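1. structural data only, the sequence is not supplied:
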């Protein structure tokens, strides 16, 4: 099992920044790729960004490219999502996820483990 705990959400004005953190524990060898998803009420959970834990290669949804940056810290077993130039449409619950797949993974059903989510609200 892999346990994921997100933190760092909050309320920010449009144009502002937030950094989300996801601390991982448990069977760390099971988390080859880690990702961030987001979901708003009545909508499907959508992929935001992903990172290969071992290689560090990253991939992003088009809607956040150039504004969001995903990174990881080996020593802290933590993945980060730096969110800049935030827009009201970025408002959502953000979820950290991990998958045993060793490839680019952007679908919800490709991820095995999920955190509890953290709310991000961007005011206009």
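-> Noted; the coordinates are in hand. Since we're looking at a predicted model, the values are computed, not measured.
2. from here on, just use CA atoms for contacts and neighbour counts.
-> Will do.
3. leaving out chain neighbours, which residue sits closest to residue 86?
-> Residue nearest to residue 86 in three dimensions, not counting chain neighbours: residue 15, with 4.9 Å by Cα to Cα, 6 or more residues apart in numbering.
4. for residue 42, see how far away the residue nearest the centre of the chain is.
-> Against the mean C-alpha coordinate of the chain, by Cα atoms, centre = their mean, the closest residue is residue 36 at 2.1 Å. Remark: distance between residue 36 and residue 42 (Cα to Cα, to the nearest Å) = 19 Å.
5. kindly report the same for residue 108.
-> Residue 108 is 16 Å from residue 42, by Cα to Cα.
6. the residue nearest to residue 86 touches residue 87, doesn't it?
-> Yes. Under the criterion of Cα atoms under 8 Å, residue 15 makes contact with residue 87 at 6.4 Å.
7. between these two, which one's more packed in?
-> A direct count of neighbours by other Cα atoms under 10 Å for residue 15 and residue 87 places residue 87 higher, at 18 against 14.
8. so where's this protein shaky on pLDDT?
-> Along the chain, segments meeting pLDDT under 70 span 29-30.
9. and the strands in it?
-> Applying DSSP state E to the chain gives strands spanning 2-7, 10-13, 18-26, 33-39, 46-52, 58-60, 68-73, 78-83, 92-99, 113-114, 118-123.
10. got the contact list for the longest one?
-> Residues lying outside strand 18-26 but in contact with it, judged by Cα atoms under 8 Å, 6 or more residues apart in numbering, are 1-10, 12, 76-84, 96.
11. can you tell me the strand partners of that strand and which way each runs?
-> Note on strand 18-26: by DSSP bridges, its sheet partners are strand 2-7 (antiparallel), strand 78-83 (antiparallel).
12. again, but for the last one
-> According to DSSP bridges, strand 118-123 forms sheet pairs with strand 10-13 (parallel), strand 92-99 (antiparallel).
13. repeat that for the fourth one.
-> Listed by DSSP bridges, the sheet partners of strand 33-39 and their directions read strand 46-52 (antiparallel), strand 92-99 (antiparallel).
14. now do the buried residues in it.
-> Buried positions in strand 33-39, judged by neighbour count with 16 or more other Cα atoms under 10 Å: 33, 34, 35, 36, 37, 38, 39.
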